[in-house]
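Asker: prediction below, plus the sequence it came from.
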Amino acid sequence: MRFDASRYLDRVIDRQLNQYLQAFGAVSVEGPKWCGKTTTCLSQAGTSVEVSDPEGNYAIRALARLDPYQLFDGTPPILLDEWQVVPGIWDAVRRDVDETGARGKFLLCGSAGPKKKALHSGVGRIARLKMRTMTLFEMGVSSATVSLQGLMNGDRASGTAVQGANLNDLVDLICRGGWPGTIHSRSFDKAVLTPREYINQVCNLPDEDAEITDERFDPDRMRALLNAIARSVASPVRKVTLIQDTDETYRPSGKASVETSYRTLERYYGILRRLYLVDEQPAWAPALRSPVRLRRAAKIHLTDPSLAAAALGATPRSLKLDFKTLGLLFESLTYHDLDVYASSFDARVMHYIDNSDLECDEIVELPDGGWGAFEVKLSADKIDAAAASLNAVEAKMVAGGQEPPRCKCVIVGTFNRAYNRPDGVRVVPLATLRP
């Protein structure tokens, strides 16, 4: 694959990847297929090796299995694309970095976890970076007038009106997703084929990905599980709920129906995790003096909200008639973008909920423990209620000994102005954010 700089769209991960290459011997960029990993790595690679290249009856793969060190000639960084099909490459890279002490020598790129675990974790030698599909900022949809890092540093929101996203824009963005291959497509009908086909490929795993599991799986059950996850998107969910929801829609082809066991769910869910298709948003656990009981279930997301829409069989028309589902998908889109932006300054995105049902959609936590509270609302008529919830979370945290939030913010969908409320809450449209 050749790198065409003239068509490359800058990604949030670019700067972080460059920094990691200067600090570590190797960097592993991990994420789902079609999210742009290879292109981004090629933008910084000196040499590229496609381990799964079919030329010569997969000669490179055969050579890698025989002697992976044969792939290490070339100008660094040496990109080893789809390395996971030969897991021994990881250990060979780790050993080479140990022996040479080189910095920025290798780029590892993979869209699935290996079937066989590497012998060594690679800690201290191989850094790992998570890559996602494109954000509104990366796609050029966001006006980029408000910085998430700036908000966390106490910046006020700009009051300038911008060309915001209307309801039709948001629905289309959710359905087509942030897949780099569809960015230049002006046809919505063609763009939505990507997430739909993605779901089909996951349910009928192609040969090159079949190596992630030694066991066969039922495509109908996998499709039912994806549907169950999509119905629970942006919500804390227990595994027993996923089992029940999976069995509701599971219709085996020509077979007697068998209820999904916990072990079966773990196996299928594990496949999705190893394909980097499931994102779990952890619950925030602040250190409080008061005896607040927290609910610790993670919120669940698919790696791009378009996959959830596709798994549900949703269309723009059906979503505009189902505001509850649309609101959850918008929250998932917001988490997706915040997670990418926050990772650029080493922050984490979590959620908060306690036994009194006081909750906060997004908690951004900085490396020094500072935190920001964000509520997500599709429309502007919910801003007052969201601000009241944020102020209640702040009051409870401060009463429990936690430092006040560095930012309280309502992120809205269909709105065209960022502004500051008298109670200290910022109001920011998603389509104005940047890292």
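Answerer: Cool, got the structure.

Asker: wait, Leu433 sits on Gln149?
Answerer: No - using C-beta atoms under 8 Å, Leu433 makes no contact with Gln149, being 10.5 Å away. (C-beta placed from N, C-alpha, C; glycine too.)

Asker: who's more crowded, the two?
Answerer: Legend: neighbour count by other C-beta atoms under 10 Å for Leu433 and Gln149, higher for Leu433 (25 against 16).

Asker: which other helices and strands contact the helix or strand that contains Val202?
Answerer: Assigned by DSSP states H and E, Val202 falls within helix 193-203. Applying 3 or more C-beta pairs under 8 Å, 6 or more residues apart in numbering; DSSP states H and E, one finds that helix 193-203 contacts helix 167-176, helix 219-231, helix 305-312.

Asker: what does the following helix or strand past the second one rub up against?
Answerer: To tie it back to what came earlier, the one meant is helix 219-231. Downstream of helix 219-231, the next assigned helix or strand under DSSP H and E is strand 235-236. Strand 235-236 has contacts (C-beta atoms under 8 Å, 6 or more residues apart in numbering) with 283, 295, 297-300, 328, 351, 353.

Asker: so what strands line up beside strand 235-236?
Answerer: strand 299-302 (antiparallel) (DSSP bridges).

Asker: confirm that Val412 lies within a strand, as I assumed.
Answerer: Yes - under DSSP: H, G, I helix; E, B strand; the rest coil, Val412 falls within a strand.

Asker: residue contacts, it?
Answerer: Counting by C-beta under 8 Å, 6+ apart, Val412 has contacts 377-380, 382-383, 427-430.

Asker: and the strands in the stretch 1-150 of the chain, which stretches?
Answerer: 26-30, 47-50, 78-81, 106-110, 126-130, 146-147 (DSSP state E, counting those that start in this stretch).

Asker: who are the packing partners of the first one?
Answerer: It refers to strand 26-30. Using 3+ C-beta pairs under 8 Å, 6+ apart: strand 26-30 touches helix 13-23, helix 37-42, helix 88-100, strand 106-110, strand 126-130.

Asker: include mean pLDDT when you put these into TSV, please.
Answerer: TSV is the format used below for the helices and strands packed on strand 26-30 (pLDDT from 0 to 100):
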stretch	mean pLDDT
helix 13-23	96
helix 37-42	96
helix 88-100	94
strand 106-110	94
strand 126-130	94
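
Asker: which of the ones you listed sits most buried?
Answerer: Mean neighbours per residue, mean count of other C-beta atoms under 10 Å, is largest over the helices and strands packed on strand 26-30 for strand 106-110, with a mean of 27.

Asker: now the helices and strands packed on strand 26-30 in CSV, with distance to Ala347?
Answerer: Formatted as CSV, the helices and strands packed on strand 26-30 follow (distance: least, C-beta to C-beta, whole Å):
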stretch, distance to Ala347
helix 13-23, 12
helix 37-42, 21
helix 88-100, 28
strand 106-110, 24
strand 126-130, 13
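
Asker: helix/strand/coil for Tyr276?
Answerer: Secondary structure of Tyr276, reduced to three states by three-state DSSP: coil.

Asker: ok, now how distant is it from Tyr198?
Answerer: Applying C-beta to C-beta, to the nearest Å, the value for Tyr276 to Tyr198 is 12 Å.
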